[in-house]
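Enquirer: coords below, sequence missing:
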């Protein structure tokens, strides 16, 4: 049985298998070593994530403890309460408690599983006005970069409190000049470059947690390892 | 528990989560309904596939019978025996018996699971000389389009004998003028267009087997179904 890596999050996770997506890239990277399992739920915030965790990660699921779970929420929590996506808003202090509860749930269920928290990406507010999720005649973006930054910082603080690694996407992405167009396709979701960035960061954190192609055994003999004069020999001992 | 769709095959399956790959596209398509599980083994032919089936599809695997399994072998079996990839060659009559055995194994293990046979793609022989897998000073391609065509026909015949659907990729791809460059990146593996073609064909066959977004329930409430005035209501009844 191959070990599993779960991707738990919102639309940025759910869409991670579109062309060049970070989830697809992870699957490709671990194509012979681990199963990447998509558990992305578009629009979800940590409040709703917490409501569904027992369904998403049932104790009775086969295969034992996964290698790792990425937890990638905050973009929806950070929607401003009085704007067009206010129904997705979660106050910052509740966001913190919810994230703590999500990590606690996973740690209790699978003590050996590595958890990686991914903070929300930055926001291009002008682009959000061009691509509203719901009708938004107000002229005000439903998310701001300032709010995203605060939720991202809280996410990183929760990770430190729990002793798990975090990726502060919001901060890291803004280090690139032109990040708004380079990394974001609608001011919120990822371009292919944005996806590659996330993929690179996740691979790095996994590697730091000793989850890499160097540490994981390949599933079944690799073609490069076969004796071309007697290939069946390699299959006798599997 | 989400149902599973297994992708079992050679490198054209193993590489199906690279950018724009057909496996990634399937995962994206079924992002809230089914788990797509990658079981691609580069270089494998049906002889080796048969040797590893019990490992690839353990009876004890959790989750019960998968919805579907794609079986996509033949490109390596069709390597010519006296050329540079001869160690991968499997005679046509054995290819037939092996494919029958693979289908029989799956049918015995999971009678309700839909099996889709995918025949190998056509071969661009000139391109194969430019991208040999092993050193090939002979000036002769290790695969020919004629041989690929015979193995593809046999694959389709096996599918008919077993009463399961088949995709004759070899034949279908050649219907497009310019198929050699449009669909193949090295005379054998798929370009992004080739991947889209395979994705489209697989989705179509799955749909004919009643496996589609119309028939599969979504995993957990969709954001579009939530009452924006009382979103938590939708999570009470999950």
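Expert: Structure's in. What do you need? Source: prediction; values computed, not measured.
Enquirer: switch to C-alpha atoms for all contacts and neighbour counts from now on
Expert: OK.
Enquirer: report pLDDT for residue A:62.
Expert: At residue A:62, the pLDDT value in this model is 62.
Enquirer: and residue A:8, backbone torsions?
Expert: phi -110, psi 120 (degrees, to the nearest 10).
Enquirer: and the gap between it and residue A:102?
Expert: 10 Å (C-alpha to C-alpha, to the nearest Å).
Enquirer: these two: who's more crowded?
Expert: More crowded of residue A:8 and residue A:102, by other C-alpha atoms under 10 Å in any protein chain shown: residue A:8, with 24 against 18.
Enquirer: wait, what's in contact with the more buried one?
Expert: A:38, A:39, A:40, A:41, A:69, A:70, A:71, A:72 (C-alpha atoms under 8 Å, 6 or more residues apart in numbering or on different chains).
Enquirer: near chain B, from the residues you listed?
Expert: Among these, the residues within reach of chain B (C-alpha under 8 Å from any C-alpha of the partner chain) are A:38, A:39, A:40, A:41.
Enquirer: quick check: the gap between the closest residue to the last one other than its chain neighbours and chain B.
Expert: Put plainly, it is residue A:41. Among residues not flanking residue A:41 along the chain, residue A:10 sits closest, at 4.6 Å (C-alpha to C-alpha, 6 or more residues apart in numbering or on different chains). Distance, residue A:10 to chain B, using C-alpha to the nearest C-alpha, to the nearest Å: 10 Å.
Enquirer: show me the contacts for residue A:10.
Expert: A:40, A:41, A:42, A:43, A:44, A:45, A:72, A:73, A:76.
Enquirer: ok, the last one touching residue A:47?
Expert: So that's residue A:76. No: using C-alpha atoms under 8 Å, residue A:76 is not in contact with residue A:47; the gap is 10.2 Å.
Enquirer: common neighbours of the two, please.
Expert: Counting by C-alpha under 8 Å, 6+ apart, the residues touching both residue A:76 and residue A:47 are residue A:90.
Enquirer: who has more neighbours, those two?
Expert: Using other C-alpha under 10 Å as the criterion, residue A:76 and residue A:47 rank with residue A:76 on top: 24 against 21.
Enquirer: name the element the more buried one belongs to?
Expert: Here residue A:76, judged by DSSP states H and E, is contained in no helix and no strand.
Enquirer: ok now do it, which residues does it touch?
Expert: A:10, A:43, A:44, A:45, A:88, A:89, A:90.
Enquirer: what distance do you get for it to residue A:140?
Expert: Residue A:76 is 16 Å from residue A:140, by C-alpha to C-alpha.
Enquirer: and if you look at residue A:153?
Expert: Distance, residue A:153 to residue A:140, using C-alpha to C-alpha: 24 Å.
Enquirer: before we move on, what about residue A:45?
Expert: Distance of residue A:45 to residue A:140, computed by C-alpha to C-alpha: 21 Å.
Enquirer: go on, residue A:72?
Expert: 25 Å.
Enquirer: these two: which is more packed in?
Expert: Each of residue A:72 and residue A:140 has its neighbours counted (other C-alpha under 10 Å); residue A:72 has more, 26 against 14.
Enquirer: need the strands for chain A, in chain order.
Expert: A:4-9, A:35-40, A:68-72, A:114-118, A:166-167 (DSSP state E).
Enquirer: with mean pLDDT and distance to residue A:16 added, can I get the ones you listed in JSON lines?
Expert: Shown next, in JSON lines, are the strands of chain A (pLDDT from 0 to 100; distance: least, C-alpha to C-alpha, whole Å):
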{"stretch": "strand A:4-9", "mean pLDDT": "98", "distance to residue A:16": "9"}
{"stretch": "strand A:35-40", "mean pLDDT": "98", "distance to residue A:16": "8"}
{"stretch": "strand A:68-72", "mean pLDDT": "98", "distance to residue A:16": "12"}
{"stretch": "strand A:114-118", "mean pLDDT": "98", "distance to residue A:16": "14"}
{"stretch": "strand A:166-167", "mean pLDDT": "98", "distance to residue A:16": "16"}
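Enquirer: can I get the ones you listed in JSON lines with distance to residue B:178?
Expert: Conversion of those to JSON lines gives the following (distance: least, C-alpha to C-alpha, whole Å):
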{"stretch": "strand A:4-9", "distance to residue B:178": "39"}
{"stretch": "strand A:35-40", "distance to residue B:178": "35"}
{"stretch": "strand A:68-72", "distance to residue B:178": "42"}
{"stretch": "strand A:114-118", "distance to residue B:178": "44"}
{"stretch": "strand A:166-167", "distance to residue B:178": "45"}
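Enquirer: which residues does the residue nearest the centre of chain A bridge with?
Expert: The residue lying closest to the centre of chain A (C-alpha atoms, centre = their mean) is residue A:72, at 4.2 Å. Residue A:72 has these beta-bridge partners by DSSP bridges: residue A:9.
Enquirer: is it in contact with residue A:118, as I believe?
Expert: Yes: using C-alpha under 8 Å, residue A:72 is in contact with residue A:118, at 4.6 Å.
Enquirer: what's the overlap in contacts for those two?
Expert: Among the neighbours of residue A:72, none is also in contact with residue A:118 (C-alpha under 8 Å, 6+ apart).
Enquirer: and the least confident helix or strand in chain A by mean pLDDT, what's buried?
Expert: Least confident helix or strand of chain A, by mean pLDDT, DSSP states H and E, is helix A:233-236 with a mean of 94. Neighbour-count burial for helix A:233-236, counted by 16 or more other C-alpha atoms under 10 Å in any protein chain shown, picks out residue A:234.
Enquirer: so which other helices or strands are in contact with it?
Expert: helix B:46-56 (3 or more C-alpha pairs under 8 Å, 6 or more residues apart in numbering or on different chains; DSSP states H and E).
Enquirer: could you pull out the buried residues of the helix it packs on?
Expert: B:46, B:47, B:48, B:49, B:50, B:51, B:52, B:56.
Enquirer: the last one and chain A, how far apart?
Expert: Counting by C-alpha to the nearest C-alpha, the gap from residue B:56 to chain A is 8 Å.
Enquirer: same thing with the fourth one?
Expert: Separation of residue B:49 from chain A (C-alpha to the nearest C-alpha) stands at 10 Å.
Enquirer: next one: the first one
Expert: Between residue B:46 and chain A the distance is 12 Å, computed by C-alpha to the nearest C-alpha.
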